[in-house]
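[1] Just a sequence and a predicted model for now, questions to come.
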Amino acid sequence: MVDVLMKTPESSVKRYWKGLHMAHPGLFIDVESQIVLLNKDRGNRVALVSAGGAGHEPFGAGYVGENMLTAFIGGSLFASPTAGKITTALLNVAKLNKGGILAVIMNNTSDMLMFGLAMETVRTKRIQIESILVADDVAHLDADVKNGYLARRGLTGSVLMFKILGALSRNGRSLKEMVLEARCINCRSCSIGIGMRPCKFPGSSQSMWILDESSVELGIGLHGEAGIARMQGVSTTELVQVIIAQMLRIFVVKPEDNVVLLVSSLGACCLIEMYTLAYEVEEQLRMKGINFVRTYVGNFLSTLDTKGADITLLNITGREDWVRFLDQETEAYSWPVTRLSKVNEKIPKGIEALEVDDTLPEIDSMVLIEREANTFKSTVLAVCRQLKEEKDKLNRLDEESGDGDCGTSLANVADAIQNNIGTIPVRNLGMAFLTMSKLAETCNGQLSGALYSLMLLGASKNASDWASAWIGAVDMLRKYSIAEVGDRTMLDALIPACFGFDSYLREFGEENWPKSLNYALDKAIEGCEKTTTMRPRVGRAMYVDSNKVKDVDPGAYAVVAILTAILKNLVLQEIGEDHQCPF
Ligand SMILES: Nc1ncnc2c1ncn2[C@@H]1O[C@H](COP(=O)(O)OP(=O)(O)O)[C@@H](O)[C@H]1O
Ligand SMILES: O=C[C@H](O)COP(=O)(O)O
């Protein structure tokens, strides 16, 4: 079935959006940018916006409607939408919702970074925006991850969050109040996924993971990331006992508490199975004295056609007012009412077409003389060439720890910059970095595109001199990525290199920049080598069996490759091929 109707990821996602557009004419759906929004002037209300990759339908277009989401932005299959698309949606939504915007972000690395970038842009337009990270997954509680928080991915708790917050927005709550409520919902919800048969990625003959017949994997992620335990031949009762035991390790609930349950198929489980699961969960918790005030069963959040389920509990004890918000009728087509599935001429339209604002703000920064600008341009091109040469090696490194696309992603960034080099205003350092940031963001660079786009944005805002620009880049990345040195990411090479460069320059003076750069490269190599023995603590790599990770981190290796290219090119340009390298 999947093979016939879904040939490639790209064509499948495009056609899905075309189908959505036809089926739900009451919504504003921009097929090209994959944005769906509630198209009416909502006065001073707060907009509720979310985003995420395709493959998780009906999440989240199915939740757009009054009393639920105000807008949703979709990405490619299992990949976040670009910050540019999120920005377009936010800017248009802000015109119809004057109370500000609350971004509900799933705790996935790319989603967080892309939203971060978009929020940086819309804040410059004086739009009030706050965000909340949905992190309800309780599978990886024992993972060696910073704060234990990153491992808590966003699962179906998000759907209950959309419903309650959407109704709060309709009832005129302020942005500040909604942020507090969102945090409260986050603390009181928990979810876990189970998988029995993996999905197949369109166009690929391989399954995303392998499981024996009659086995079940506990704690799988929404893109098929590994879970925490496999069980064979268990009954529904035994399976649910294990699920509940895992949930109760962190979920605070006591006899007489009032709880909401949501059970969602991950794509291929039938409703009989989902109701069976819901019944078993309720039975076992009722035996512990827990009351169920609402139970939702259906298809809420999928992983293509994975045979599996997500189970969410929300403790509403003392917050029974939330039931009113859950019950408030919504137009969203994946919650039980379908008003927006019909054309309703009576609903006044807010906008006719999306307005895209691509203008870049003017930036005050260092101005380069022509010779410097030419050197800068040739160095940028040298970095692009180097990244493309390293593509296969980077993909190989990423196969160990991720999805094998780090080289392809960075090569896409390099291609975009090379192909548009004429449009980069190389005399104005800040504007040049900003233009490259936009190119990195929009070029299908996946997570790496987002990471480099954020860094280039940070550099553009601090482009008074080279060292400040570099520090600005690192600061901007750290603002949105909770990774630190030691987590096995590009930061392990980048941070020692950046601060090494800065301290060397301070100690030995500006004229010693080649030696400073060389020192930075040494630090990057040292940091990169150290990643060989580190356990991944962020990103998709952290769910991979750490015994399989034996080489350096691809992102850290890319930092070394970039610095090598910069150094080689600068030394050649500055000192000339005939001169001896001074170090
Ligand atoms: N939170 C993070 N902060 C900084 N760097 C990260 C983070 N998560 C992952 N990385 C870096 O991104 C690299 C993987 O990039 P890429 O393959 O494009 O992402 P994905 O695996 O999500 O497709 C990793 O090798 C690591 O260096
Ligand atoms: O569906 C995919 C998400 O939107 C992005 O996930 P990621 O951060 O793991 O790349």
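    Yes, it's here. Numbers count the residues shown, from 1 in each chain. Ligands and ions are numbered 1, 2, ... in the order given.
[2] what's near enough to touch the residue nearest the centre of the chain?
    Centroid-nearest residue in the chain: residue 111, 1.7 Å away (criterion: C-alpha atoms, centre = their mean). If you count contacts by C-beta atoms under 8 Å, 6 or more residues apart in numbering, residue 111 has them with 51, 52, 80, 105. All C-beta spots, glycine's among them, are computed from the backbone N, C-alpha and C.
[3] Export those residues as CSV, with columns for distance to ligand 1 and pLDDT.
    Formatted as CSV, the contacts of residue 111 follow (distance: C-beta to the nearest ligand atom, whole Å; pLDDT from 0 to 100):
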residue, distance to ligand 1, pLDDT
51, 15, 98
52, 14, 97
80, 9, 94
105, 13, 97
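[4] Which of the residues you listed fall within helices?
    Of the contacts of residue 111, none are assigned to helices by DSSP state H.
[5] So which of those wins on neighbours?
    Compared across those, residue 51 has the highest neighbour count, 30 neighbours, by other C-beta atoms under 10 Å.
[6] Run through the bridge partners of that one.
    Counting by DSSP bridges, residue 51 is bridged to residue 73.
[7] Surely the residue nearest to the centre of the chain is within a strand?
    No. Looking at residue 111 with DSSP: H, G, I helix; E, B strand; the rest coil, it is helix, so not inside a strand.
[8] Give me the phi and psi for the nearest residue to residue 9 once chain neighbours are set aside.
    With C-beta to C-beta, 6 or more residues apart in numbering as the criterion, residue 9 has its nearest non-adjacent residue at 3.9 Å, and that residue is residue 77. Recorded main-chain torsions at residue 77 are phi -60, psi 120, according to degrees, to the nearest 10.
[9] Quick check: the gap between residue 77 and ligand 1.
    Using C-beta to the nearest ligand atom, to the nearest Å, one gets 12 Å for the distance from residue 77 to ligand 1.
[10] residue contacts, that residue?
    9, 12, 13, 53, 54, 55, 201, 202.
[11] what would these look like in TSV with neighbour count and secondary structure?
    As requested, these are exported to TSV (neighbours: other C-beta atoms under 10 Å; DSSP: H, G, I helix; E, B strand; the rest coil):
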residue	neighbour count	secondary structure
9	19	helix
12	19	helix
13	21	helix
53	22	strand
54	22	strand
55	29	coil
201	21	coil
202	19	coil
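[12] Of the residues you listed, which ones also sit close to ligand 2?
    residue 53 (C-beta under 6 Å from any ligand atom).
[13] among the contacts of residue 77, which two are most distant?
    53 and 202 (13.2 Å; C-beta to C-beta).
[14] and the closest residue to ligand 2 within the stretch 201-350 of the chain, how far is that from residue 79?
    Ranked by C-beta to the nearest ligand atom, the top residue of the stretch 201-350 of the chain for proximity to ligand 2 is residue 223, at 6.0 Å. Distance of residue 223 to residue 79, computed by C-beta to C-beta, to the nearest Å: 9 Å.
[15] One more: residue 129?
    Distance of residue 129 to residue 79, given as C-beta to C-beta: 23 Å.
[16] Have a look at the two and say which one is more surrounded.
    Taking neighbours as other C-beta under 10 Å, residue 129 and residue 79 compare with residue 79 leading, 26 against 22.
[17] Name the nearest residue to that one, ignoring sequence neighbours.
    Closest residue to residue 79 apart from its sequence neighbours, by C-beta to C-beta, 6+ apart: residue 53 at 4.7 Å.
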